[in-house]
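Enquirer: build the 3D model from these lines:
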Amino acid sequence: MMNKLKLFLLIFLVSPMTNAAIELLDKVAVVVEDGIILESEVNKRIEQIVESLKQSETPLPPQEVLFEQIIERMIIEEIQLQKAQRAGVRISDQELNESMAQIAQGNGLSLQDFRSFLEEQGESYEFVREQVRKEMILSRIQRGLVQSKVYISEQELDNFIKSQEGQVNLSAEFLIQQILIPINRDQDEEAALSIIDSLKEKISAKMAFGDLAKEYSSGEEANNEGSLGWRKINEIPTLFANEISSLRKGEIAGPFRSGAGLHLIKLKDKKGRDIKIEKQTLARHILIQTSEIRSEKQAKDLIEDLYNRSQDEDKFSDLARLYSDDPGSKMEGGELSWTGPGRFDPKFEEVMDSLEINQVSKPFKSNFGWHIVEVLDRREEDISLNIQKNRAYQILFDRKYEEQLEKTLSEMRAESYVNIKIKS
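Expert: Residues are numbered from 1 along each chain as shown. Model (predicted):
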């Protein structure tokens, strides 16, 4: 949105014309549905575009072509503005003022300096402000017309992420270790699987994957702790490339069967712009709120009683189901989903972060009421895939949005009554 406004402003400010210099011919250039475009508006737009092209040293198209392009653009704008008016699209003064301030800031000026600059150029601040309002209305009506028509399926996301183009846009690198157990004349698949099962037990017993690779793997990289080195997804053997992208750091996968034997792999590390490890907490809580029939003192007394009972014979989850005022977690025994930082009330998060695993907090008050909270577990979660999917979604959405917008505007133009009276 802001880029469009900056582009508009560039075009607008390079124009040598002043409002006073415009000769208002009051002749109708184009009739569009129940609206009109004046010749003076067309002439001003032509001068602005021509001056902008000269400033950027862009070759000018033939006069007839430029005239036709500008007329068509103005017709489509008018159709959209009429549709926006009928739909009740409005830009508040506050929104407009914020946009004007951002435009000024983007040009390294305060709003007052920006106003002065416009006046020095012979332009009216109020006129520019209304042009910006029009651009914002156009952007909003376009979103309303197009956004709901753009759909990105999970399959499209997955295909894009795995594609060469996706890898260029979403590149990350993986440090992989492998143990290769051969299948040959001396060792059949059943024997190889038995070795794999034994290795998994050793790994569960905290034996180092690299040491096991040195001892058991027949791969060329065995002496280097089975390391395949840092690789992008398109450089990883297709046998387990899909699995790698969904693994968390330190996780094991396999076995994978190839012509050489059975592969057991470990994702040792990840790096790249999409790698993000988030510390997450699994907790449960009981919330007691005040109400018309429960005073502040009664709420506090109740949470203190529940705290004492949670330490004794009653189970925390049973108490949560009976007493908690949090409808989202009540039926789950007060259990909340795995959650990263910044997603709870600040006081709640502060208390939760201070607890050891399986420790229940003393009663405390947040913006929502009185709580006790118990930490059940903690983990470091790789949320890279979510970030990657969000970025892929935005790339695909922007692409489809532009395609759909062009189609929608073309259909609107074809369905609208237009009578072009002006000639180039």
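Enquirer: could you identify the longest helix within the protein?
Expert: Looking across the chain with DSSP state H, the single longest helix is helix 384-415.
Enquirer: so which elements touch it?
Expert: When contacts are defined as 3 or more C-beta pairs under 8 Å, 6 or more residues apart in numbering; DSSP states H and E, helix 384-415 packs onto helix 63-86, helix 125-146, helix 154-162, helix 164-169. No exception for glycine: its C-beta is placed from N, CA and C like everyone else's.
Enquirer: for the helix or strand following it, packing partners?
Expert: Of the helices and strands lying after helix 384-415 in sequence (DSSP states H and E), the nearest is strand 418-420. Packing contacts for strand 418-420, counted by 3+ C-beta pairs under 8 Å, 6+ apart, involve strand 28-32, helix 63-86.
Enquirer: relative to helix 384-415, how tilted is the last one?
Expert: Translated: helix 63-86. Comparing the axes of helix 63-86 and helix 384-415 via axes from the mean of the first three to the mean of the last three C-alpha atoms, to 10 degrees yields an angle of 100 degrees.
Enquirer: what about helix 63-86, distance to the chain center?
Expert: With C-alpha atoms, centre = their mean, to the nearest Å as the basis, helix 63-86 stands 32 Å off its chain's centre.
Enquirer: next structured bit after it?
Expert: Following helix 63-86 in sequence, per DSSP H and E, is helix 93-106.
Enquirer: which parts of that next one are buried?
Expert: Residues of helix 93-106 classed as buried by neighbour count (16 or more other C-beta atoms under 10 Å): 99-100, 103-104.
Enquirer: the domain parsing of this protein - what is it?
Expert: 2-149+406-420, 172-272, 278-381 (automatic domain parsing).
Enquirer: reformat these as TSV; add distance to residue 156.
Expert: What follows is the domains of the chain, written out as TSV (distance: least, C-beta to C-beta, whole Å):
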stretch	distance to residue 156
domain 2-149+406-420	15
domain 172-272	16
domain 278-381	25
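Enquirer: out of the ones you listed, name the one with the poorest average pLDDT.
Expert: Comparing mean pLDDT over the domains of the chain, the weakest stretch is domain 2-149+406-420, at a mean of 83.
Enquirer: nearest spatial neighbour of residue 268, skipping sequence neighbours?
Expert: In this structure, residue 268 finds its nearest non-sequential neighbour in residue 175, 4.5 Å apart by C-beta to C-beta, 6 or more residues apart in numbering.
Enquirer: residues contacting that neighbour?
Expert: Residues counted as contacts of residue 175 (C-beta atoms under 8 Å, 6 or more residues apart in numbering) are 227, 229-231, 267-271.
Enquirer: quick check: bridge partners of it?
Expert: Counting by DSSP bridges, residue 175 forms beta bridges with residue 230, residue 269.
Enquirer: against residue 164, how distant is it?
Expert: Separation of residue 175 from residue 164 (C-beta to C-beta, to the nearest Å): 22 Å.
Enquirer: touching, residue 364 and residue 351? I think so.
Expert: Yes. Under the criterion of C-beta atoms under 8 Å, residue 364 is in contact with residue 351, at a separation of 5.3 Å.
Enquirer: so what sits against both of those two?
Expert: Common neighbours of residue 364 and residue 351, counting by C-beta under 8 Å, 6+ apart, are residue 371.
Enquirer: which of those two has more neighbours?
Expert: More crowded of residue 364 and residue 351, by other C-beta atoms under 10 Å: residue 351, with 22 against 14.
Enquirer: next SSE after the strand or helix carrying the more buried one?
Expert: Following DSSP H and E, one finds residue 351 within helix 346-354. Toward the C-terminus, helix 346-354 is succeeded by strand 364-366 as the next helix or strand (DSSP H and E).
Enquirer: related to what we said a few turns ago, list the buried residues of the helix holding residue 351.
Expert: 348-349, 351-352.
Enquirer: what packs against it?
Expert: Short answer (3+ C-beta pairs under 8 Å, 6+ apart): helix 346-354 packs on strand 277-288, strand 364-366, strand 369-382.
Enquirer: can you name the residues in contact with it?
Expert: Contacts of helix 346-354 (C-beta under 8 Å, 6+ apart): 281, 283, 285, 341-344, 361, 364-368, 371, 373, 375.
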